[in-house]
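Peer 1: Build me a model:
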Amino acid sequence: MKDIQMLHKGKIVRGQITYDQTDLLEVKLDKTDTFRNGEEVTVLGFERKHQMRVLRVTPFKVLFAPADSEVFQIDISKDEAYEDLVYDDSKKFTSFRLNTYATISEDFRTFAVRVTDVSRLGFGFEINDFSVKMNHVYDSMIICDEVTIHPKLVVRYAHILEKTIRYGAEIHHITPGDLSRLRYYIVTRQFVTV
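Peer 2: Alright, predicted model coming up:
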């Protein structure tokens, strides 16, 4: 294991790299309780200086992703209207492929869906049902390995494919904990599907 130094909250923290790739850095530390998901940290070592963000904290390890990673752009839509982002051909967004199952529900009706991808625009999912309402807020439960997350989604578009219907849903609300679990799941899924 290689030694590394990090600048965190004005202090130098020393650790050992247990995994080092372009999109993911795992560092073993004696003490991890001062790190919080989403925090920026400057990683120093091997003649490089990188701005990283905390992706996940465990009792003895911290996982980092580059601070400018598109995965940190996934959040609740705040500034621009969804339609402005979707229909602006000059803007390109990274879409992360997923293949997981979920449910969307309203009142007493629940639909089982397959989530195909996620981007800063929201989730893409497929279902064989025309009764999903446009511009409607749905409660959802998305399976992310051993945990589930529960964002509220607003369905914004539908596209009829040969055997299914593809819907796009904007993130209306998501808790910070669920957002952190989603980002970690996205990054780890990219290594599984390669």
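Peer 1: Quick one: the helices in this protein, in order.
Peer 2: Listed in chain order, the helices of the chain (DSSP state H) span 82-86, 176-192.
Peer 1: Compare these and say which comes out lowest on pLDDT.
Peer 2: In terms of mean pLDDT, the lowest-scoring of the helices of the chain is helix 82-86 (a mean of 50).
Peer 1: Low-confidence bits of this structure, can you list those?
Peer 2: Applying pLDDT under 70 to the chain flags the ranges 46-48, 77-91, 191-194.
Peer 1: Swap in 80 and give it another go.
Peer 2: Applying pLDDT under 80 to the chain picks out residues 1, 22, 45-49, 76-93, 190-194.
Peer 1: Break it down into its structural domains.
Peer 2: Using automatic domain parsing, the domain parsing of the chain gives 2-68, 71-192.
Peer 1: Export the ones you listed as CSV, with columns for mean neighbour count.
Peer 2: The C-beta positions use only the backbone N, C-alpha and C, and glycine is treated the same way. Below are the domains of the chain laid out as CSV (neighbours: other C-beta atoms under 10 Å):
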stretch, mean neighbour count
domain 2-68, 15
domain 71-192, 16
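Peer 1: Could you give the bridge partners of I143?
Peer 2: T148 (DSSP bridges).
Peer 1: show me where this protein has strands.
Peer 2: Taking DSSP state E as the test, the strands found in the chain are 2-8, 11-20, 25-28, 40-45, 48-57, 61-66, 96-106, 109-119, 122-127, 137-144, 147-149, 152-160, 165-173.
Peer 1: packing partners for the shortest one?
Peer 2: This points to strand 147-149. If contacts are counted by 3 or more C-beta pairs under 8 Å, 6 or more residues apart in numbering; DSSP states H and E, strand 147-149 sits against strand 137-144, helix 176-192.
Peer 1: which residues touch that strand?
Peer 2: Identification of contacts with strand 147-149 by C-beta atoms under 8 Å, 6 or more residues apart in numbering yields M141, I142, I174, D178, R181, L182.
Peer 1: repeat that with 6 Å
Peer 2: If you take C-beta atoms under 6 Å, 6 or more residues apart in numbering as the criterion, strand 147-149 is touched by M141, I142, D178, R181, L182.
Peer 1: Not counting its neighbours along the chain, what's nearest the second one?
Peer 2: When you say that, I think you mean I142. A102 (4.1 Å; C-beta to C-beta, 6 or more residues apart in numbering).
Peer 1: is it true that that neighbour touches V115?
Peer 2: Yes: here A102 reaches V115: they are 5.0 Å apart, a contact under C-beta atoms under 6 Å.
Peer 1: who touches both of those two?
Peer 2: Here A102 and V115 have I142 as joint contacts, going by C-beta under 6 Å, 6+ apart.
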